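1. what follows is a predicted structure for the sequence shown.
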Amino acid sequence: MITINDYRSPEINTISGKRQGKRRLASKNGCMHDLNNELQQLFDTFYQALENSQRVLNGIPVRIRSKTLEPSLMQTFFAGSLFDHFQNKALYGKYKRLILSVNGYIVLFKKLNNKGVPMNIKTKNVQMINNQSLSLDLFSDSDGVESPILYFGYQKDRFGVCKNPQLIYIDEERVKFSITEQEISYQVPMFTDHEEFSVKPELKAGLKSKINKAI
């Protein structure tokens, strides 16, 4: 019987032995195969968090919002939706990092800059993540020590509108591949409680112009 590991073996297992001190290598095709169902759930989670965050922000005047309010709300609601969708596969790791451990991958969550790179302060841990280091200690135990690390993130345009949710893989300090919602068999969920978040069927690629205000 063919297993997931068998599927990965041509691209990953033959190379992993040469990657001393590195996590298992990830490929775009392998990632899309292994996380087929989870990718759809991740995009669902993003849109649910976006809607919940906007509901709260609509009740707070812009002039009194703290600088960290919007990203904190987004992260909090993202965590809540993530725990609902993935249950015990989602957790807070060390340094309160939001982590999803699923199907042999570790997924972290971060807002992306205009180049599609996570907006991180360059700490030692961040550099280790961006180099897929085996010695990175994100967890309270040894689970997932060899799993490739991915980021799920989104960007904001100059009007403050959230856009381009995507899953990315970084190694050797650069983005090796990204997976967008247009690349998977995905339909944007319909939010019936709030008219501004409803999406016509033809707008398959995302909320687009239907979201006039977002984080």
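-> All right, it came through fine. Numbering: from 1, shown residues only.

2. quick one, strands of this structure?
-> Along the chain, counting by DSSP state E, strands occupy 90-92, 98-102, 105-109, 149-156, 162-171, 174-180.

3. just the pLDDT at the residue positioned nearest the centre of the chain, thanks.
-> In the chain, the residue lying closest to the centroid (CA atoms, centre = their mean) is Phe152, at 1.4 Å. pLDDT, Phe152: 95.

4. bridged to it, which residues?
-> Phe109, Leu167 (DSSP bridges).

5. circling back to that earlier point, can you put the strands of the chain in a markdown table and add distance to Leu57?
-> C-betas here are computed from N, CA, C, even on glycine. Shown next, in a markdown table, are the strands of the chain (distance: least, CB to CB, whole Å):
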| stretch | distance to Leu57 |
| --- | --- |
| strand 90-92 | 23 |
| strand 98-102 | 20 |
| strand 105-109 | 19 |
| strand 149-156 | 13 |
| strand 162-171 | 12 |
| strand 174-180 | 25 |
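
6. Pro71: which of those strands is closest?
-> Closest of these to Pro71 is strand 149-156, at 9.8 Å (criterion: CB to CB).

7. and the closest one, what does it pack against?
-> Other elements packing on strand 149-156 under the criterion 3 or more CB pairs under 8 Å, 6 or more residues apart in numbering; DSSP states H and E are helix 36-57, strand 105-109, strand 162-171.

8. what's that strand in contact with?
-> If you take CB atoms under 8 Å, 6 or more residues apart in numbering as the criterion, strand 149-156 is touched by 23, 26, 31, 42, 46, 100, 105-114, 116, 118, 129, 132, 136, 162-170, 214-215.

9. buried among the residues you listed? Make that a PyMOL selection.
-> Paste this into PyMOL to select the buried members of the contacts of strand 149-156, with burial taken from 16 or more other CB atoms under 10 Å:
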select buried, resi 23+26+31+42+46+100+105+106+107+108+109+110+111+112+118+129+132+136+162+163+164+165+166+167+168+169+170+214+215
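
10. about what we covered before: what's the closest of the strands of the chain to Phe83?
-> For the strands of the chain, proximity to Phe83 was assessed by CB to CB; strand 90-92 is nearest, at 5.1 Å.

11. show me what that closest one pairs with in its sheet, parallel or antiparallel.
-> strand 98-102 (antiparallel).

12. next, count neighbours for Lys28.
-> Neighbour count for Lys28, taken as other CB atoms under 10 Å: 15.

13. next one: Gln87
-> The number of residues near Gln87, taken as other CB under 10 Å, comes to 8.

14. same check, this time on Ser27
-> Other residues close to Ser27 by other CB under 10 Å number 18.

15. ok, now how distant is it from Asp34?
-> Distance, Ser27 to Asp34, by CB to CB, to the nearest Å: 10 Å.

16. and Arg55, by the same measure?
-> To Asp34, Arg55 is 34 Å away according to CB to CB.

17. compare these two (neighbour count), which wins?
-> More crowded of Arg55 and Asp34, by other CB under 10 Å: Asp34, with 21 against 14.
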